[in-house]
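Colleague: next input, structure requested:
(one chain, ligands or ions: 1)
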Amino acid sequence: MYADEKTISSASGSNLLFSTGSRELRSFGPRRLISMPARGGEDWGSQFQRSVRQALDEARTEGQDNPIVMGAIPFDMREPSCLYVPQVYEWRERQAPRTAGSTDRLPALLDQRSIPDEPGFKKAVEQAILNFRHGDIRKVVLSVMRELRFAGSVDVDGLLDSLRMQNTSGYQFRVPLPDGGELIGVSPELLLQKEGDRFVSNPLAGSARRQPFPEADQAAADALLRSPKDLYEHRVVIDDIRRVLEPHCTELVIPDSPSVISTAALWHLSTRLHGRLIDPQMSALQLACRLHPTPAVCGTPTDQAHKLIRFVEPFERGLFTGMVGWCDSRGDGEWVVTLRCGIVEREVVRLFAGAGIVEASQPEAEWAETQTKLKTMLNACGLAA
Ligand SMILES: C=C(O[C@@H]1C=C(C(=O)O)C=C[C@H]1O)C(=O)O
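Modeller: All right, here's what the predicted structure looks like:
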């Protein structure tokens, strides 16, 4: 089904966007679609990396000097990827949104539902905690989907504009999907950025809601930095990333303790780590496939946490908690965790948010955390959480 010649076809629709720091990457014109699942993508010889190389080679044959692959890879790497090799791409200064007050352009909201609902999510958290007591799992990330139905088709340009207006930093992205839907969001979490033989990763885990007044806001950040539950949740992620990266590095620098970073809605425990690769030929996409899924979005041990997620989550994550980004034909690139995002399909918008569950978790607090995380996209839709 995913034979090389079939994985690559052309696709049309809106342009892709990925913004990082002060610049943004945009695709133009026709592009080749790579839907081959990314499983095994850490290996240069994998079928997935072969199809990526084939698409890049074809673009080079057509005259591109340094073609690029960009798009999204789902949480479960056994599912189809949504990557493109565009005929034309451009890096430019990060642009200000085109219009102000663009949520006015959204049609009226008809209804919304949460899957699972609040009692269902809390029950899942309790079930997960019970599992920890009877097995090896130490952390699992559980999530919710909020489905919004509007009176008419949602204008993705307008939604992206308001998302960009409300979140001037973070990694903003837009990826058209082969079925006509679009993925949009603004992630705070860098999975991996690689240039030459050097890379940076900035995992986040452990979160607290921002407060409206500066003193209380600072107190929330300070409390997060001292919270044993959140520090443990964070350490589980860092230990696992160290285990995965160490064998591939000549140098790996990981701060001893996390710091905090903020989005408009949340504080997060954050560790910015960097290193140097033994094999500089290993591409950003290979290395990202090796890291994904980190315990920041799955849990630990990975396979068991993944099974538990499949068992208790009553919806398919699809691209949510996967990765989104780019890699050029030299192997440089940048992949972020697909968070604070939604899928727009005409009049339906599906939003997603998760929270890391450890033995000390409180179901009520974890539910509240998912609802705060949903705010990023709900606000962009002009809706309160
Ligand atoms: C799963 C999400 O976020 C992840 C979970 C976090 C946590 O549990 O504290 C923090 C950042 C992300 O790694 C999400 O935003 O939906």
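
Colleague: my guess is Val156 meets Arg174, correct?
Modeller: Yes. In this structure, Val156 is within contact of Arg174 by CB atoms under 8 Å, at 7.3 Å. C-beta here means a position set from N, CA and C on the backbone, and glycine is covered the same way.

Colleague: settle it for me: which of these two has more neighbours?
Modeller: Ranked by neighbour count (other CB atoms under 10 Å), Val156 and Arg174 place Arg174 first, with 25 against 18.

Colleague: ok, that one to Val336 distance?
Modeller: Remark: distance between Arg174 and Val336 (CB to CB, to the nearest Å) = 13 Å.

Colleague: which strands or helices does the helix or strand where Met165 lies pack on?
Modeller: Here Met165, judged by DSSP states H and E, is contained in helix 156-166. If contacts are counted by 3 or more CB pairs under 8 Å, 6 or more residues apart in numbering; DSSP states H and E, helix 156-166 sits against strand 171-176, strand 182-187, helix 363-380.

Colleague: can you name the residues that contact Gln211?
Modeller: Each residue near Gln211 by CB atoms under 8 Å, 6 or more residues apart in numbering is listed here: Asp217, Ala219, Ala220.

Colleague: run through the chain and note the low-pLDDT ranges.
Modeller: 1-13, 98-104, 385 (pLDDT under 70).

Colleague: quick one, phi psi at the most centrally placed residue in it?
Modeller: Centroid check for the chain by CA atoms, centre = their mean gives Thr338 as the closest residue, at 1.4 Å. Dihedral angles of Thr338 (phi, psi; degrees, to the nearest 10) stand at phi -80, psi 90.

Colleague: leaving out sequence neighbours, find the closest residue to Ser153.
Modeller: Of all residues not flanking Ser153 in the chain, Arg346 sits nearest, at 4.8 Å (CB to CB, 6 or more residues apart in numbering).

Colleague: got a list of what the one you found touches?
Modeller: Taking CB under 8 Å, 6+ apart, one finds Ser153, Val154, Gly180 in contact with Arg346.

Colleague: among those residues, the buried ones, what's the ChimeraX command?
Modeller: Remark: buried members of these, expressed as a ChimeraX selection using 16 or more other CB atoms under 10 Å:
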select :154
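
Colleague: how about the residues of the protein by the ligand?
Modeller: 141, 189, 204-207, 268, 296-297, 321, 339-340, 353-356, 373 (CB under 6 Å from any ligand atom).

Colleague: if I look at the residue nearest to Ser153, how far off is Val358?
Modeller: Arg346 is 39 Å from Val358, by CB to CB.

Colleague: please apply the same query to Gln193.
Modeller: For Gln193, the distance to Val358 equals 28 Å [CB to CB].

Colleague: what's the answer for Ser81, then?
Modeller: Look at Ser81 and Val358: by CB to CB, they are 31 Å apart.

Colleague: please apply the same query to Pro258.
Modeller: In terms of CB to CB, Pro258 sits 15 Å off from Val358.

Colleague: quick one on the thing from earlier: quick check, nearest of the contacts of Arg346 to the ligand?
Modeller: Nearest to the ligand among the contacts of Arg346: Val154, at 20.6 Å, using CB to the nearest ligand atom.

Colleague: distance check, the nearest residue to Glu366 once chain neighbours are set aside against His234.
Modeller: In space, and not counting its chain neighbours, Glu366 is closest to Ala355: 4.5 Å by CB to CB, 6+ apart. Distance from Ala355 to His234, counting by CB to CB: 13 Å.
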